[in-house]
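Undergrad: let's see this in three dimensions:
(one chain, ligands or ions: 1)
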Amino acid sequence: MDVVYTRDDIEDGVTEKIEAKRDLGEGRWDRVLKQKMVELSVADNYEDAKKEWKATGNVWWSSRYNVTDPYGRNENAPDWVTNSTNGCNQCLCGHNIVYHFEIENTENGNVECVGSDHITSYLILREISESTGVDMNAITERMIQDWINVRVKSMIQDAWWAENGEEFEEMFDEVKEADLRINVRYHPTKHYWDSTLRQHKRVRYLRKRAEGSGPARRREMASIVWRWNHPENTRNQQTTRGYPNERLWLDMNRFSSLIEEHLEDIEKKDMTKQQRIEWLENFDAEFDAKMEAQGMVETRFTTNCKRFGIPLFSWQDAPTAWDKSFLKKMYYAIRDSGDEPKLGKSDIDRLEKTLDMMSNLATKEQKDKISSYRSQLVEARRTDYVPRFPYQMKPGMTSDEAEQQISILRDILDSVRAMQERRLEMEIESRQLTDGGE
Ligand SMILES: [Zn+2]
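TA: As a prediction, the model looks like this:
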């Protein structure tokens, strides 16, 4: 019977197959062990002596996580290992071992430890029979193997936690919130309606497997929480393994080393959200003011416009027949909507664009141009004198106002560039003079 190890166990260095021998034979180590067991028993021959011993079920693994000092001592080792005849990392027979199984003489109370080669099925049979009440003859090979498998797994877990437990808990606490925000993926087409932000948002999922390749793969890792203990993940590692696999542990360390960057990203996202909320507050105030100014009464259409963050409009005002028919369609869709709009994301995008155009508001291209000129001026101000320039982009700026601002900014930028050029020429000239003087 083979013990089935997962890929991760193998990566973690677990390559050994542990099977219980039926009994001890005439090999060198077997003979040494028989002799030692007799010495520590009441009976004076092995056949009687072996019946005095049984496995207790206690196990300990001195893995690479549990480094033993040159004198064979290990501070993580339990007393029954430390106090056994040969101490840590040796079987009672003197053989080097990593898997320690506790055995006990039930006649005189002696406690010893043997390795995986010497945990014979007899020792296990007696333990299973006494702890479960099943007759020794009814115990199958399968039950013995299961007994070993359970303990091997627990040995690996205990060793891992002894070494990394504290660090793991600390790191997991540090990264879990950010992981749920950063290690996500967005559905390429699906959106849902966010009634707080009054916007369509892309459907978001936790990233369940790593994406990309090379360095990108390291950034686009699968969610740490998903892998470790997400309740919806029936195969989460906390349940299936009891300790994180090599890949997860590595990813946690990576994610934690970039935590400042991740928190900054999250802050940016939160800020965008906050800006939208403020924009909506402004929108509501303007909306109410317009209703009052025009003496309009609340209807299903006006209520829904406000609820969806869409400015009031009248489809009769559309400049072309094409726009008119589109706006008319949108009018009915808004009017007939419930809590969520009957309009898709592309409908709302097109509607906003059409309304901007009709109201002669600044276009996106104009606003982008203004931002670009302004950031160039801010940059230039670090090295050169820059006159005062308009800094505010007021909400509801019209297309004409935007055009005016663009021309002011362009003039200032031109003069700054000209000044920079003159300064550069002067620098080159003075360098040439200095060189010539030597
Ligand atoms: Zn041994």
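Undergrad: now stretch 266-275 - C-alpha only, CSV.
TA: The C-alpha trace of stretch 266-275 is given here as CSV (Å, rounded to 0.1, in the frame of the first residue of the first chain):
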residue,chain,number,x,y,z
ILE,A,266,-6.6,50.8,-2.6
GLU,A,267,-6.5,54.4,-1.4
LYS,A,268,-6.7,55.6,-5.0
LYS,A,269,-9.8,53.4,-5.6
ASP,A,270,-11.4,54.7,-2.5
MET,A,271,-10.7,58.2,-3.5
THR,A,272,-12.3,57.7,-6.9
LYS,A,273,-15.4,56.4,-5.1
GLN,A,274,-15.4,59.4,-2.7
GLN,A,275,-15.2,61.8,-5.7
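Undergrad: which residues are in contact with it?
TA: Contact with stretch 266-275 is made by Ala178, Arg181, Ile182, Leu197, as judged by C-beta atoms under 8 Å, 6 or more residues apart in numbering. C-beta here means a position set from N, CA and C on the backbone, and glycine is covered the same way.
Undergrad: where in the stretch 301-438 of the chain is pLDDT low?
TA: Where the stretch 301-438 of the chain drops to pLDDT under 70, the residues are 391-392, 435-438.
Undergrad: swap in the stretch 51-200 of the chain?
TA: 63-68, 72.
Undergrad: tell me the pLDDT at Glu264?
TA: For Glu264, the pLDDT comes out at 94.
Undergrad: a helix runs through it, doesn't it?
TA: Yes. Residue state for Glu264 (DSSP: H, G, I helix; E, B strand; the rest coil) corresponds to a helix.
Undergrad: show me which residues of the protein sit near the ion.
TA: Selection of the chain residues close to the ion by C-beta under 5 Å from the ion yields Cys91, Cys93, His95, Gly115, His118.
Undergrad: looking at those residues, which has the most residues close by?
TA: Cys91 (26 neighbours; other C-beta atoms under 10 Å).
Undergrad: from memory that one sits against Thr120, does it?
TA: No. With contact defined as C-beta atoms under 8 Å, Cys91 does not reach Thr120; the gap is 11.9 Å.
Undergrad: ranges for the strands of the stretch 101-250 of the chain?
TA: Taking DSSP state E, counting those that start in this stretch as the criterion, the stretch 101-250 of the chain contains strands spanning 111-114, 184-194, 199-206.
Undergrad: name the strands paired with the second one and say parallel or antiparallel.
TA: Read it as strand 184-194. strand 199-206 (antiparallel) (DSSP bridges).
Undergrad: buried stuff in the strand it pairs with?
TA: Buried residues in strand 199-206, counted by 16 or more other C-beta atoms under 10 Å: Gln199, His200, Leu206.
Undergrad: in PDB, list the C-alpha atoms belonging to it.
TA: Taking Å, rounded to 0.1, in the frame of the first residue of the first chain, the C-alpha atoms of strand 199-206 are listed here in PDB:
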ATOM      1  CA  GLN A 199     -23.200  53.600 -12.000                       C
ATOM      2  CA  HIS A 200     -22.700  50.300 -13.700                       C
ATOM      3  CA  LYS A 201     -19.700  48.500 -12.300                       C
ATOM      4  CA  ARG A 202     -17.900  45.500 -13.700                       C
ATOM      5  CA  VAL A 203     -18.600  42.200 -11.900                       C
ATOM      6  CA  ARG A 204     -15.600  41.400  -9.800                       C
ATOM      7  CA  TYR A 205     -14.400  38.000  -8.600                       C
ATOM      8  CA  LEU A 206     -11.600  36.800  -6.400                       C
END
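Undergrad: so what touches that strand?
TA: 180, 183-187, 190-194, 223, 225-226, 230, 276, 309, 344-345, 348.
Undergrad: same deal with stretch 301-319?
TA: Contacts for stretch 301-319 (C-beta under 8 Å, 6+ apart): 195, 198-199, 280, 283-284, 287, 290-291, 296, 324, 326-328, 330-331, 334-335, 337, 339, 341, 343, 348, 351-352, 354-355, 358-359.
Undergrad: filter those down to the buried ones, PyMOL style.
TA: The buried residues among the contacts of stretch 301-319 can be selected in PyMOL (16+ other C-beta under 10 Å) with this line:
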select buried, resi 198+199+280+283+287+291+326+327+330+331+334+337+341+343+348+351+354+355+358
